[in-house]
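Undergrad: Sharing a sequence plus its predicted fold:
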Amino acid sequence: MENQNPNGKGLGTIRLTMFGIGLILASGAFAIPGDFASSGAYPLASLIGWGIAGIGMLSLCMCYLRLGIARPDLTSGLYTYAKEGFGDFIGFCSAWGYWISAILAQISFITMFFSSLGHFFPAFSDGYNVPALIISSVIIWLLAVLVLRGVNQAVTINVIVVAAKLLPVLVLLLAIVFARAFDPDVFMANFTGEGSGMSLMDQVKSTTFITVWIFIGIEGSVVISARAKNTKVAGRATIICFLCMLALYMMISILSMGVLPTEELAQLDTPSVAGVLEAVVGGWGATLVNFAVLVSIAGALFTYTILCIDSGFAPAANGCFPKFFTKENKHGAPVTATILATAVIQLFLIIIYFNDSTYQICYALSTSMIMYPYFLSGLYCLKATIKGETLQGVESGGTKAWIWIFAIIGAVYGAWMIYASGWQAVLSSAVLFGPGILLYLYTQKQKGIKVFPKATDAVATVVVVVAFVASIVLMANGTISMF
C-alpha cells in the first residue's frame with residue numbers, strides 16, 4: 001500500500017516534476033557543448049558517457065527514493081546515510097564534502113557570471129580579474145546580510161530563474177532543428193576521436209565531471225518528494241524529472257556536435273551554448289544566451305547562498321558539526337553558519353583570482369567533493385538492501401528485483417565516479433578534506449564521546465591523513481595542481 005502525505009494536500013505529479021527540474025537545471029547546461037569537447041570527448045565517447053551517466057544517476061535517484069521510504073528517520077541530508085552505515089567520521093566526511101561542494105559550486109557560478117558579463121562589458125572580457133573580485137566580494141556579503149535579516153524565500157526569483165534557464169536552451173534546440181543546422185557529416189567526421197591522442201576509455205572517463213556536475217541537485221529532487229501526495233506520485237515525478245533532464249542535456253550535447261566540429265566546440269568561450277547558437281542564428285543568439293546566463297546565475301547565487309549555509313547548519317543541528325554552527329540571531333537566521341560559509345567563499349574567490357582559475361576548474365573541484373557523499377549513500381542503500389530494510393513492504397518479486405538492481409548499480413556508479421575522476425582529482429580533494437579532521441576532532445570532544453567510536457572511523461581518518469600529506473607533497477613538487 002502506498003504511503004500517503006499526512007496532511008493529504010501534497011504536491012501532484014506536474015508541480016513536483018517542475019519543482020525538481022528547476023532544482024536540477026543549473027548553469028552547467030549552458031556550457032555542455034564546449035565542456036565535452038575541451039575534455040577530449042568526441043561523439044562516440046560522449047554517447048557512451050551519457051549512457052553511463054543516465055543509468056548511474058537514475059539508479060542513485062531510485063536509491064534515494066527507496067531510502068526515503070524505508071528510512072524516513074534519516075531526512076537531514078546525505079551525510080546521515082554515511083553516518084548510519086559507516087560511522088561518525090565517514091558521516092562527517094560526507095557532510096564536509098557536501099558543504100565544500102556547495103561552496104565551490106557558488107564559486108563556479110560566479111566565474112561563469114563574469115565570463116558572460118564580459119560579453120557586454122569589456123572590463124571583464126579577460127576573465128576573473130580585479131574588478132570581478134571586488135564586485136563578487138560585495139555580492140556575496142550582501143547576500144549574507146539578506147540571509148541574516150531573515151530573507152530565506154525566493155519563490156518569484158526561482159520562477160524567473162527557471163524561465164531564464166529554459167528559454168535560450170529551447171531557442172538553441174528549435175533553431176538547430178528548423179534551420180537544419182545539424183549536419184550528419186560534421187557529427188560523423190571524427191566519430192571516435194581517432195588521432196586525438198586519447199583512447200576511447202579516456203574520452204569516456206573525461207565526461208564524468210561534466211555529467212555529474214550537471215546532475216547535482218538530483219538528490220534534492222528526491223528529498224522534496226516528501227511533499228508529494230503519496231509515494232507513487234513521488235516516484236513518478238522523480239523519474240519524469242530525471243528523464244526530462246537527461247533528454248534535454250543529451251539533445252544540447254548531440255545537436256551541437258552536428259553544428260560545429262569537436263575541435264571548434266573546444267575553442268568556444270564559456271558559456272559555449274552562446275557560441276553554438278551564434279553559429280546558427282548570428283550574433284543575437286550569443287547575446288540572448290549571455291543575458292539569460294546573467295539572469296539565471298543572479299538568482300541562483302541567492303539560492304546557493306542558502307544551500308551553503310544550510311549545508312553547515314543542518315549537520316551541526318544533528319551533531320555532525322560543532323554546535324556554534326547553529327547559533328541564530330533575532331531573525332532566526334544562523335549567524336555563525338552564514339559568516340563562516342561566506343568567509344570560506346571569500347577565501348576561494350581570492351585563491352582563484354591569484355591562480356587565474358576557470359569555471360571548469362571550479363566545478364571540477366565541486367564535483368570531486370560531492371562524489372564521495374554520492375558514493376557513500378549508494379553504498380549504504382546496497383547495505384540496507386542486503387539487510388532487507390529497503391525491501392520491506394514490497395510484495396512483488398519483480399519489484400524487489402528492481403530494488404536490488406538499482407542498489408547495486410547505484411553503488412557501482414558511485415565507485416565509477418571516483419575511479420573515472422582520476423588519482424589526481426582524488427588527491428586534490430584530499431587537500432580539502434584534510435582540514436576537516438580538526439573540525440571533526442573538536443566536534444567529538446564537544447559532544448564528550450570517543451573520537452573514534454568504531455574501528456572504521458580510525459581507519460578512515462588514517463587514510464584521509466595519508467592522502468592529505470601525499471597531496472601536499474605532490475603539489476609542492478608540481479606533480480598535481482588544484483587550481
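TA: Okay, I see it.

Undergrad: counting contacts, what elements does the helix or strand harbouring Ala430 pack onto?
TA: Ala430 is part of helix 423-433 when elements are defined by DSSP states H and E. On a contact count with 3 or more C-beta pairs under 8 Å, 6 or more residues apart in numbering; DSSP states H and E, helix 423-433 meets helix 88-117, helix 359-386, helix 455-476. Bear in mind the C-beta positions are built from the backbone N, C-alpha and C, glycine included.

Undergrad: could you give the angle of it to helix 359-386?
TA: 90 degrees (axes from the mean of the first three to the mean of the last three C-alpha atoms, to 10 degrees).

Undergrad: immediately after helix 423-433, which helix or strand?
TA: Proceeding N to C from helix 423-433, the next assigned helix or strand is helix 436-447, under DSSP H and E.

Undergrad: chain center to that next one: distance?
TA: Computed by C-alpha atoms, centre = their mean, to the nearest Å, the chain-centroid distance of helix 436-447 equals 26 Å.

Undergrad: Give the rounded mean pLDDT of it.
TA: Across helix 436-447, the average pLDDT comes to 93.

Undergrad: Next, the angle from that helix to helix 455-476.
TA: Counting by the same axes, to 10 degrees, helix 436-447 lies at 150 degrees to helix 455-476.

Undergrad: Which other helices and strands does helix 436-447 contact?
TA: helix 88-117, helix 455-476.

Undergrad: list the buried ones in that helix?
TA: By neighbour count with 16 or more other C-beta atoms under 10 Å, helix 436-447 contains the buried residues 436-437, 439-440, 443-444.

Undergrad: Check stretch 287-295 too.
TA: Neighbour-count burial for stretch 287-295 flags 288-295 (criterion: 16+ other C-beta under 10 Å).

Undergrad: JSON lines for those residues, including secondary structure and distance to Phe325?
TA: Shown next, in JSON lines, are these (DSSP: H, G, I helix; E, B strand; the rest coil; distance: C-beta to C-beta, whole Å):
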{"residue": "Leu288", "secondary structure": "helix", "distance to Phe325": "41"}
{"residue": "Val289", "secondary structure": "helix", "distance to Phe325": "38"}
{"residue": "Asn290", "secondary structure": "helix", "distance to Phe325": "37"}
{"residue": "Phe291", "secondary structure": "helix", "distance to Phe325": "38"}
{"residue": "Ala292", "secondary structure": "helix", "distance to Phe325": "35"}
{"residue": "Val293", "secondary structure": "helix", "distance to Phe325": "32"}
{"residue": "Leu294", "secondary structure": "helix", "distance to Phe325": "32"}
{"residue": "Val295", "secondary structure": "helix", "distance to Phe325": "32"}
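
Undergrad: Quick one: which of the residues you listed has the lowest pLDDT value?
TA: Lowest pLDDT of the buried residues of stretch 287-295: Val295, 84.

Undergrad: Skipping its backbone neighbours, what lies nearest it in space?
TA: Of all residues not flanking Val295 in the chain, Ala164 sits nearest, at 4.0 Å (C-beta to C-beta, 6 or more residues apart in numbering).

Undergrad: The one you found and Leu288: what is the separation?
TA: For Ala164, the distance to Leu288 (C-beta to C-beta, to the nearest Å) stands at 10 Å.

Undergrad: likewise Ala333?
TA: Distance of Ala333 to Leu288, computed by C-beta to C-beta: 37 Å.

Undergrad: got the contact list for the nearest residue to Asn355 once chain neighbours are set aside?
TA: Of all residues not flanking Asn355 in the chain, Phe483 sits nearest, at 3.8 Å (C-beta to C-beta, 6+ apart). Contacts were defined as C-beta atoms under 8 Å, 6 or more residues apart in numbering; by that measure Phe483 touches 351-352, 355, 357, 361, 365.

Undergrad: didn't Val464 look like it was pressed against Ile437?
TA: Yes: counting by C-beta atoms under 8 Å, Val464 touches Ile437, with 6.4 Å between them.

Undergrad: Ser429: what's it in contact with?
TA: Ser429 touches 97, 365, 368-369, 372, counting by C-beta under 8 Å, 6+ apart.

Undergrad: redo that, cut-off 7 Å
TA: With C-beta atoms under 7 Å, 6 or more residues apart in numbering as the criterion, the residues that contact Ser429 are 368-369.

Undergrad: pLDDT score assigned to it?
TA: Listed pLDDT for Ser429 reads 93.

Undergrad: Can you tell me how far it is from Ile55?
TA: With C-beta to C-beta as the criterion, Ser429 and Ile55 are 24 Å apart.

Undergrad: In the stretch 1-150 of the chain, where is pLDDT below threshold?
TA: 1-11, 75-77 (pLDDT under 70).

Undergrad: so where do the helices sit in it?
TA: Under the criterion DSSP state H, counting those that start in this stretch, the stretch 1-150 of the chain contains helices at 13-24, 32-38, 43-70, 78-86, 88-117, 130-148.

Undergrad: Also compute the angle for the fourth one relative to helix 455-476, please.
TA: Per the same axes, to 10 degrees, the angle that helix 78-86 makes with helix 455-476 is 120 degrees.

Undergrad: Measure how helix 78-86 sits relative to helix 88-117, angle-wise.
TA: 150 degrees.

Undergrad: for helix 78-86, packing partners?
TA: If you count contacts as 3 or more C-beta pairs under 7 Å, 6 or more residues apart in numbering; DSSP states H and E, helix 78-86 packs onto helix 88-117, helix 359-386.
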